[in-house]
Every structure is written in structure tokens, then in C-alpha cells.
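1. Structure for this input, please:
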Amino acid sequence: MKRQRNRGRVTLASIAAMCAVAALPGQAHAADDPAPYAFDPEARTVRGTETNAEASELTAGSVYRSAIKPGQKLYYRLNLDDETSAYVSAVVVPESGGKVAYGDGITISIRDVDDTQCSSEDAIFGSAEFARPIAAYAHRIVEKGNSICREGGEYNVLIERKSNATSSPAEWDLELRYESEPEAKAADAQATEAPENWSSASPTPPTGQRKRSGGNSVYEATGLETGEWRDTIAPGQTRFYRVPVDWGQQIFASAALSNNSKSTEYLGNALALSLENPAQGHVDDVTLSYSGEPASVSLDPLPPVDYRNRFDSASDVSAMRFAGWYYLSVTLSPKVAKSYGDQAIPLRLKVSVRNDPKTSPYAGAPGIFGVSDEDKDMARSGQSAPQAAQSDTMKLVAAAGLGAGTVLVLGLGAWTLLARRRTAPAAVPPGTGGQQPPYGGPPQTW
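-> Numbering: from 1, shown residues only. Below you'll find the predicted structure:
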């Protein structure tokens, strides 16, 4: 009897797992209609407030969805201790095809209750003046010799939107993330200076192109490892990829557009390539001009990932402060469609991760700020986070000794049995003259 019950549990778990697989988001979309940004399905909706006293509290390790109008200044709240460093990021998602100007964007900052600014960062569209997801983060760092924002207690996250008068007035969606950084080992916690020298020579990735289709958001970002990758990108579309970069490793990346014989029209800043760190802090970005001929652009050489990089005054160096998934996004300007048509153009990415990994500086588990063997496997196979979750679910089903067809048959059988039980006539009580009394009283009138 015990064995029979266990089998029942496995079967039910397998059915639930199959349902979970069916519910996962896919990455297939029409090539001629760039898909919208795919928000994390676990993101909770939170409303920013214009007064900090009414702000909603954010929880570490969580993802949120919000929105901001032109000129708005919105508050969210944190409750921090006096030992943990905190990072809050915002991915800005404007409406597709909306008009933006050079200085349009947001400023995100963390402030204490006296409005002392702990840190801030801007996310602006810059010279690539077309709507696309952009990101920035702010942090409260607990470090030796720093008395600003050191106390535990209530803090405010402030997001301010800047928009030109000629820009689209529509709301921008926001995807907010709040992450806590683990405590550093004693030796690393005493560091106060960033490393000064590193190699700037970009290595040559292995030859031989492989196909990888980028995702539609940070959540759907496709895993990449060192290599040369083929994809396509349509005007107005943004492709997302992610690369695991461990402690002591450097990342190099470039993007190239194929030729197009439909025109020779010169388009400045036709393609934007951007890199964000594991906490969605902006690292670097570059743009590519296009005139129908093959063209490529590379990110500037970046330092190896090092805990001490946080002490450098240069934002691109400071952002290389922890290991984990680094996110590449590539956007093709919608203006390309006017001269070159709305069909997708072949895109080539070259990614190199150099150096052997070093030991983590953290005293405990790294959380998202580390690279696991599973992360390397996902990069090798090209999996996104939801695809990895689906793969794990299928492993659960396989471990239960049941194929997908078996699970479906069992599920249909269970539903059939349940339906029969619901429709089967009940026994007629004696003394009722053969009449079945209505269950629960007289029938409902609709």
C-alpha cells in the first residue's frame, strides 16, 4: 500500500510538471513583427509614489514591474541593515516606435532618510535616438572607511524621468530588481583600491559560426560562451544574450551587420550594442553606422572581474565588480526599414571570455554573483533561464519514469474518471418513491 501511494504522488507531481512546462513562455515570434519586451513572469506590480512617505517596500531577491510618466519622480522604499550592500536596478522599456531624444532617460538613486545620496546612475538613449530597453542601477555599499549611508534603517529609491518636449509622452514601463551582495571575506573587505593594469588585446574567438537566436528581454536572454554566433535582427528589434563571466575573467564582445543591396543610404548610429552586469548595472555601450556594406563594432576592452574594481572612478571599470551573468543587448534602429526594408538582417556576434576563474571573494554563497557549472552548461547549450527551468522540469518527469505521453494519458484518465464521478447518479434513498432529491436544494435559475 505504501508503494502504491508513492506511485500516486510521483504521477501527480509529473502531471503538475508537464503543466508547468506548457505554461512556460516561448521565444518564437513572427520575423516581420518584433516581439515586445518579455517581462519576468514572476515580476510583481508595484506603483511608485511621488511622496516617499507612501512608497512601497521592495524585497531583496525580487523583480517588480512599474511605470513612469514624463517628468515624474517616483519613490520606492528599502529597509536595510548595517552590514549588507544593496543594488536596485531599473530596465527602462519605452513603447515600441516611440520617439526619444538624446538626453531622454532616467536617473536612479538610493538615498537615506535625510535625502543624502548613496549613489546614482543615469540610463539615457544618447546618440542612438531610438526607443529600446536601457538599464541603470544604484547601490548602498557597506565598506571600510565610508560613513555615508552606513547605518541600518529605511532608505528611498528615487527614479526620475527626463524627456524632451518633442518626445513621445507615453508612459515607460520599468522592470525593477533588488539584489543583496554577500559579505566579503576579511581580506577582500579591507580593500580600498582597484587594480590598475590589465590586457586590452582582444583575443580571437574560435572559428566556425553557430546559430543562436537572442531572447526578447533580460529574462529571456540566450546563453552564449566564447565563440562566433549567427542571428538575425529586424528594424526596431532588440536581441538579448547572456554570458557567464567568473572572477578574474575578461569579456570581449563585438557585433557585425551583414551587407544589404537594397540601398547605400548612410545611417549614423543604426545599431546599438550594450553590456550590463549581473545586477543590471550599465557597463558600456557602442553604436554602429550602416550604409549597406558589412560593418562591425566592438565594446572597449574591459578589466577582469574583480571585487576591487568598485573603487575605480570610471563607471565601466567599477561595474566589473562581480562575477555572474553579463547581459548583451543589440538593437537595430527602426529607421533602417525606410531604406533597407523591414526584413531581418543577418547579425554576427563574437564573444570571448579570457583567463582562468579565480576564487570567490565572498565568505558565503555568492547567489547571482558567481558562475556555477550549471551556468556554464546553459551557456554551452544556449539556454535561457526559462528554457533551463523547462529542462529541469523534464528531468523531473524522466526521473519519475514517465514519458510525456504517459503523463498526458494519465492526466486524461484522471479527468475522465473525475467527470464520471460527477455525472454518476447517486443511490435513491428509501421512501422517496424512486425520486432523486436534488443535491444541495432546488436547481439554480440562470
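
2. In contact with the residue nearest to residue 321 when sequence neighbours are not counted, which residues?
-> Excluding its sequence neighbours, the residue lying closest to residue 321 (Cβ to Cβ, 6 or more residues apart in numbering) is residue 310, at 4.3 Å. Where you see a C-beta, it was placed from the backbone N, CA and C, and this is true even at glycine. Residue 310 is in contact with 141, 143, 194, 318, 321, counting by Cβ atoms under 8 Å, 6 or more residues apart in numbering.

3. ok, and the most crowded of these?
-> residue 321 (26 neighbours; other Cβ atoms under 10 Å).

4. how close does that one sit to residue 196?
-> According to Cβ to Cβ, to the nearest Å, residue 321 and residue 196 sit 15 Å apart.

5. Buried residues in stretch 331-340, which are they?
-> Going by neighbour count (16 or more other Cβ atoms under 10 Å), the buried part of stretch 331-340 is 331, 332, 333, 334, 335, 336, 339, 340.

6. Residues in a beta bridge with the second one, which ones?
-> If I follow you right, that is residue 332. Residue 332 forms beta bridges with residue 271, as assigned by DSSP bridges.

7. Does it touch residue 270 like I think?
-> Yes: counting by Cβ atoms under 8 Å, residue 332 does reach residue 270; the two are 6.8 Å apart.

8. For these two, list the residues in contact with both.
-> Residues touching both residue 332 and residue 270 by Cβ under 8 Å, 6+ apart: residue 257.

9. Against residue 88, how distant is residue 153?
-> Separation of residue 153 from residue 88 (Cβ to Cβ): 16 Å.

10. So for the two, which residue has more residues nearby?
-> More crowded of residue 153 and residue 88, by other Cβ under 10 Å: residue 88, with 27 against 12.

11. residue boundaries of the helices in the stretch 151-300 of the chain?
-> Counting by DSSP state H, counting those that start in this stretch, the stretch 151-300 of the chain has helices at residues 186-189.

12. Run a quick neighbour tally on residue 65.
-> Residue 65 has 15 neighbours, counted by other Cβ under 10 Å.

13. Likewise for residue 42?
-> 9.

14. now swap in residue 386 and tell me
-> 18.

15. and what of residue 117?
-> 13.

16. all numbers from here: first residue = 657
-> Shifting the count to begin at 657 puts that one at residue 773.

17. my guess is it contacts residue 764, does it?
-> No: look at residue 773 against residue 764 with Cβ under 8 Å: they stay out of range, at 11.0 Å.

18. one step back: among the buried residues of stretch 987-996, which pair sits farthest apart?
-> Spatial extent of the buried residues of stretch 987-996 (Cβ to Cβ) is set by the pair 987 and 995 at 17.0 Å.

19. contacting residues around the closest residue in space to residue 894 that isn't next to it in sequence?
-> Once flanking residues are discounted, residue 894 sits nearest to residue 987: 4.3 Å by Cβ to Cβ, 6+ apart. Residues in contact with residue 987 (Cβ under 8 Å, 6+ apart) are 784, 786, 788, 789, 889, 893, 894, 895, 927, 928, 930.

20. Would you tell me which one of the residues you listed comes nearest to residue 948?
-> Among the contacts of residue 987, and counting by Cβ to Cβ, the member closest to residue 948 is residue 927, at 13.2 Å.

21. Verify the stated contact: the closest one with residue 986.
-> Yes: in this structure, residue 927 is within contact of residue 986 by Cβ under 8 Å, at 6.7 Å.

22. Now the common contact residues for those two.
-> Joint contacts of residue 927 and residue 986 (Cβ under 8 Å, 6+ apart) are 889, 911.

23. Can you tell me the number of residues neighbouring residue 1045?
-> 14.

24. Doesn't it lie inside a helix?
-> Yes: checked against DSSP: H, G, I helix; E, B strand; the rest coil, residue 1045 lies within a helix.

25. Let's see the pLDDT reported for it.
-> Here, the pLDDT recorded for residue 1045 equals 78.

26. repeat for residue 851
-> The predicted local confidence for residue 851 is 88.

27. Dump the contacts of residue 966 into TSV; add secondary structure and distance to residue 912 as well.
-> As requested, the contacts of residue 966 are exported to TSV (DSSP: H, G, I helix; E, B strand; the rest coil; distance: Cβ to Cβ, whole Å):
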residue	secondary structure	distance to residue 912
797	coil	37
799	coil	40
850	coil	32
974	helix	29
977	coil	29
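
28. ranges for the strands of the stretch 707-856 of the chain?
-> 718-724, 729-736, 741-749, 761-768, 773-780, 790-796, 809-818, 828-837 (DSSP state E, counting those that start in this stretch).

29. which strands and helices sit next to the first one?
-> Same thing as strand 718-724. Helices and strands touching strand 718-724, by 3 or more Cβ pairs under 8 Å, 6 or more residues apart in numbering; DSSP states H and E, are strand 700-701, strand 729-736, strand 828-837.

30. how far away is the residue nearest to residue 977 from residue 898?
-> From residue 966 to residue 898 the distance is 22 Å (Cβ to Cβ).

31. Likewise for residue 832?
-> Residue 832 is 19 Å from residue 898, by Cβ to Cβ.

32. So for those two, which residue has more residues nearby?
-> residue 898 (27 against 24).

33. who's the more buried one bridged to?
-> What pairs with residue 898, by the bridge criterion (DSSP bridges), is residue 879, residue 983.
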